[in-house]
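Enquirer: Need coordinates for the following:
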Amino acid sequence: MDSQSSPPVRSFLLSALILCILGWGGLFALLNYTLPTVGPRWLFFFLGVLALTGTALPAVAYLNRRFPSTPPVSSAVILRQAIEFGVYVSTLAWLQFGRVLNLSLALLLALGLILIEWLLRLRERSQFKP
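Expert: Below you'll find the model as predicted:
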C-alpha cells in the first residue's frame, strides 16, 4: 500500500459487515422481542450506533479515498468519522424520544461535530514529522 494515500475501501468491508450484522440484527431482535423499558431503550441506542457506524464505514472510506487530503487519512480517522456519524444519528433519535429535536438543534449538533472533526484534522496536519 502506498503511504501517500488513504487505505482502500476493501479493507473496511469485513468490519463494516460485522458491525451491520450485529447492529441491524440486534435492532431487529430488540424491536420485535422486547418491551420498551429502560434497559432495552439504552440497548437500542447502542445497537443504533453499531448499525449506523457499519453502514457509514464504506461510504466514509470511499469519500476519504475519492477526496484525498494532506496528510492522507489513516484507518483510525476513517473509523472515527464513521463512529461520529453513528453517534450523531443516535443522538438525534434520543432527542426525538424526548420530543425536543428540531431542525436548528440537528444543524447545530452537525455543525459542532464537523467543527470537532475539522479541529482534529487540523491538529494532525500540524504535527511535525521529519
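
Enquirer: Next, count neighbours for Ser90.
Expert: 20 (other Cβ atoms under 10 Å). All C-beta atoms are positioned from the backbone trio N, CA, C, and that covers glycine.

Enquirer: ok, it touching Trp42?
Expert: No: applying Cβ atoms under 8 Å, one finds Ser90 not in contact with Trp42, separated by 10.7 Å.

Enquirer: can you pull the buried residues of the longest helix seen in the chain?
Expert: In the chain, taking DSSP state H as the definition, the longest helix is helix 38-66. Across helix 38-66, burial judged by 16 or more other Cβ atoms under 10 Å covers 44-45, 47-58, 60-61, 64-65.

Enquirer: I'd guessed Thr34 sits against Pro40; true?
Expert: Yes: assessed by Cβ under 8 Å, Thr34 is found in contact with Pro40 at 4.3 Å.

Enquirer: re earlier: and the angle from the next helix or strand after the longest helix of the chain to helix 38-66?
Expert: Using DSSP states H and E, the helix or strand that follows helix 38-66 in sequence is helix 75-97. Following axes from the mean of the first three to the mean of the last three Cα atoms, to 10 degrees, one obtains 140 degrees for the angle between helix 75-97 and helix 38-66.
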